[in-house]
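In: Have a look at this prediction, sequence included:
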Amino acid sequence: MAASKTMTMTEAVSLLAPGSRTLALGGNSIHRVPHAFVHRVAQRTDLRLHLVKTAGAYDIDVLCLAGIVEAVSAGFVGYETEFGLARHYRSAVESGRTEAREHACYTVIASLRAAAYGLPFLPVRALYNSDLPRARGFEWLDDPYGGTERFPAIPAIRPDLAVIHVQHADLHGNGVITGPKNEDLLMARAARHVVLTAEEIVDTDALPVPLDHVDIPSVLVDGVVHAPGGARPGSCAGSYDADADAIRAVQALSSAAELRDYLTAQGGPA
Amino acid sequence: MSTETRDVPREIRIVADAMAVEMARILANSRNAFHGLASPLPAVAIALARSVHNPQLEYLNIAGGVNIAPGSLTVSTCSPAFLAGSESFFSLTDIFDLCARGELDTAFLGGVQVDRRGHINNSVIGPFATPKVKLPGGAGSAAIVPMARHTIVWRTRHDARSIVERCDFVTAAGSVREVVTPLGVLRMEEGELRVAGWFAHASLEEIREHTGFPIRTCDDAGPIAPPGEGELAALDAVDPQGVRYSEF
């Protein structure tokens, strides 16, 4: 019987050694995102993060406000209609503190696929007519088998750590997602290390699906953190909706110091 | 009109309903249609098209939903509600791959700037490396627009700052066919956007006045038929919460 992989949130956050680290965060927009982990990371000042995600919102905005984001590789960074623009991200980029490595969501997926496949890059059939390949320095490949199409080669992104919030996990690190799975299964395969934050930790035979239907298999997972409410103030399918007031409260903050005071008053650091 | 939508100002109701209905009509011959996040009007238009104009239309969304049940849409169009009543599960990655194979028929994408050539910019105002304004990014557009058969761009404002001669940066281009705005529909013809029609609450002159380049008209340009009684009833049935009004 494999040992339990449960750890505290403090231990999970310390998996990010000081310095430049590439971090992939699960979920999409404000839904099923490991925000409790994000809040704890935002308390640190010894990190320079490269964040990877198809479409981020509160997570990227908070970390940019904390002043610890060096670069963001994403297809979209912004809230949807109800909460408007990610203004902390915008000001970090417009002031030059943070580099926006803009992608199409599909090329974020290609970057992660390349890492998961053990390849340095992956060609995609996309980005034709776009200024993005030139702006981002993506090189074009000829078809080595004589076809006439050319393909942009998307460099791999191998996250140092992927953190994925799930509704159910067991002690071994098997994770089961309720609702949209987003790019989380791929992230877990692309990253060097994987942490699950879980609404509930249950016995293996109490997981809501049979083992061969588990979304994130334990073999990929380094740690499991019991984190009820771990996606708040975003939503978590089957558990809770987004907390609009709490999102707006953080949108209204204007400095890293204010953010850290706010997060401390909210109950962290533990 | 449901209780939730009773307080929406009349001008917004008229514009949003006209846009949703016209976007649904454009889907009459599509085999499948996709929308991403921040897309309440497309989500409603697809649900309406499946109800009235094209029941065979396969509806794919960013959450992975396939032909989800109408009536439970939310303002966030990637929320778990976008799996409610789903027939199946087909992830965003699956949709991008489908599109790369040339099998995605119709995609809805937003454009902060849209230019005369039908190019869209969702990336930056000013230089890419040192932007004056960093826009949210094109999401799936740079992958989807070149490879889908047909892209419909929608905008909730029609002004000379956003419908321009030339985009500052081309995030995506290729299959844009219509641009639906609060004033009417622009359509690509002979390599440029032209006025295809104007809503009953607007006019050709108004479109010309609010477009950032001298815009021509399509040969068949004319007023767009207002939403019919049946279309409006179906609109309230698929979107009783009025998420279509949230973009205004």
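Out: Noted; the coordinates are in hand. In this text, all values refer to a predicted model and were calculated from it rather than measured experimentally.
In: going forward, measure contacts between C-alpha atoms and count neighbours the same way
Out: Noted.
In: In the stretch 1-150 of chain A, mark out all the helices, start to finish.
Out: Taking DSSP state H, counting those that start in this stretch as the test, the helices found in the stretch 1-150 of chain A are A:9-13, A:35-41, A:58-65, A:87-94, A:105-117, A:132-136.
In: and the last one, average pLDDT?
Out: This points to helix A:132-136. Per-residue pLDDT over helix A:132-136 has a mean of 98.
In: do the same with the fifth one
Out: With pLDDT averaged residue by residue, helix A:105-117 scores 98.
In: which other residues reach it?
Out: A:52-55, A:73-76, A:120-124, A:154-158, A:183, A:186-187, A:189-191, B:93, B:96, B:139-140, B:143 (C-alpha atoms under 8 Å, 6 or more residues apart in numbering or on different chains).
In: Tell me the buried residues in that helix?
Out: For helix A:105-117, the neighbour count (16 or more other C-alpha atoms under 10 Å in any protein chain shown) marks A:105, A:106, A:107, A:108, A:109, A:110, A:111, A:112, A:113, A:114, A:115, A:116 as buried.
In: Geometric centre of chain B: which residue is closest?
Out: Chain B has residue B:154 as the residue nearest its centroid, 3.6 Å off, counting by C-alpha atoms, centre = their mean.
In: rewinding a little: nearest to residue B:27, of the helices of the stretch 1-150 of chain A?
Out: helix A:105-117 (24.4 Å; C-alpha to C-alpha).
In: quick one: contacts for the residue lying closest to residue B:74 once chain neighbours are set aside?
Out: Sequence neighbours aside, residue B:243 is the residue nearest to residue B:74 in space, at 6.2 Å (criterion: C-alpha to C-alpha, 6 or more residues apart in numbering or on different chains). Residue B:243 makes contact with B:40, B:41, B:44, B:73, B:74, B:75, according to C-alpha under 8 Å, 6+ apart.
In: Which parts of chain B are strands?
Out: For chain B, strands defined by DSSP state E occupy the ranges B:32-35, B:58-61, B:106-110, B:113-115, B:120-121, B:124-125, B:133-134, B:150-154, B:163-164, B:176-180, B:184-189, B:192-198, B:217-223.
In: tell me the most buried of these?
Out: strand B:120-121 (a mean of 30; mean count of other C-alpha atoms under 10 Å in any protein chain shown).
In: okay but residue A:5 is in contact with residue A:222, surely?
Out: Yes. Under the criterion of C-alpha atoms under 8 Å, residue A:5 makes contact with residue A:222 at 6.6 Å.
In: Pull the contacting residues for the residue lying closest to residue B:43 once chain neighbours are set aside.
Out: Excluding the flanking residues, the one nearest residue B:43 by C-alpha to C-alpha, 6+ apart is residue B:35, at 6.7 Å. Neighbour list for residue B:35: B:42, B:43, B:60, B:61, B:62, B:107, B:108, B:109 [criterion: C-alpha under 8 Å, 6+ apart].
In: Mind pulling the model confidence for residue B:35?
Out: 97.
In: pLDDT weak spots in chain B?
Out: B:1-6 (pLDDT under 70).
In: contacting residues around the longest helix along chain B?
Out: In chain B, taking DSSP state H as the definition, the longest helix is helix B:10-26. For helix B:10-26, contacts defined as C-alpha under 8 Å, 6+ apart pick out B:41-42, B:44-46, B:48-49, B:53, B:180-184, B:199, B:201, B:226-227, B:231-232, B:235, B:244-245, B:248.
In: Among the residues you listed, name the buried ones.
Out: By neighbour count, with 16+ other C-alpha under 10 Å, the contacts of helix B:10-26 hold B:41-42, B:44-46, B:48-49, B:53, B:180-184, B:199, B:226-227, B:231-232, B:235, B:244-245 as buried.
In: Most distant residue from the centre of chain B?
Out: Largest separation from the mean C-alpha position in chain B: residue B:130, at 29.6 Å (C-alpha atoms, centre = their mean).
In: For that one, give me its contacts.
Out: Residues near residue B:130 by C-alpha under 8 Å, 6+ apart: A:94, A:96.
In: go again using 7 Å as the cut-off
Out: Residue B:130 makes contact with residue A:94, according to C-alpha atoms under 7 Å, 6 or more residues apart in numbering or on different chains.
In: Backbone dihedrals for it, both of them.
Out: Taking degrees, to the nearest 10, you get phi -130, psi 70 for the backbone angles of residue B:130.
In: Would you mind listing what in the stretch 101-250 of chain A touches chain B?
Out: Residues of the stretch 101-250 of chain A lying close to chain B (C-alpha under 7 Å from any C-alpha of the partner chain) are A:102, A:104-106, A:125-132, A:135, A:179-180, A:182, A:237.
In: What residue in the stretch 101-250 of chain A comes nearest to chain B?
Out: Nearest to chain B, among the residues of the stretch 101-250 of chain A, is residue A:126, at 4.5 Å (C-alpha to the nearest C-alpha).
In: for the residue lying closest to that residue once chain neighbours are set aside, what are its contacts?
Out: When the adjacent residues along the chain are set aside, residue A:126 lies closest to residue B:143, with 4.5 Å between them (C-alpha to C-alpha, 6+ apart). Applying C-alpha under 7 Å, 6+ apart to residue B:143 gives the contacts A:104, A:106, A:126, A:127.
In: can you pull the contacts of residue A:241?
Out: Contact analysis of residue A:241 by C-alpha under 7 Å, 6+ apart lists A:234, A:235.
In: and with 10 Å instead?
Out: Residue A:241 sits next to A:30, A:31, A:32, A:231, A:232, A:233, A:234, A:235, B:79, B:80 when contact means C-alpha atoms under 10 Å, 6 or more residues apart in numbering or on different chains.
In: before we move on, what about residue A:59?
Out: Residues near residue A:59 by C-alpha under 10 Å, 6+ apart: A:25-26, A:28-30, A:33-39, A:42, A:51, A:77, A:86, A:89, A:234.
In: and the gap between it and residue A:29?
Out: According to C-alpha to C-alpha, to the nearest Å, residue A:59 and residue A:29 sit 8 Å apart.
In: Ok, residue B:46 next?
Out: Using C-alpha to C-alpha, residue B:46 is found at 22 Å from residue A:29.
In: can you check residue A:190 too?
Out: Distance from residue A:190 to residue A:29, by C-alpha to C-alpha: 20 Å.
In: what's the answer for residue A:213, then?
Out: From residue A:213 to residue A:29 the distance is 25 Å (C-alpha to C-alpha).
In: If anything else comes up later, I'll come back, but that's it for now.
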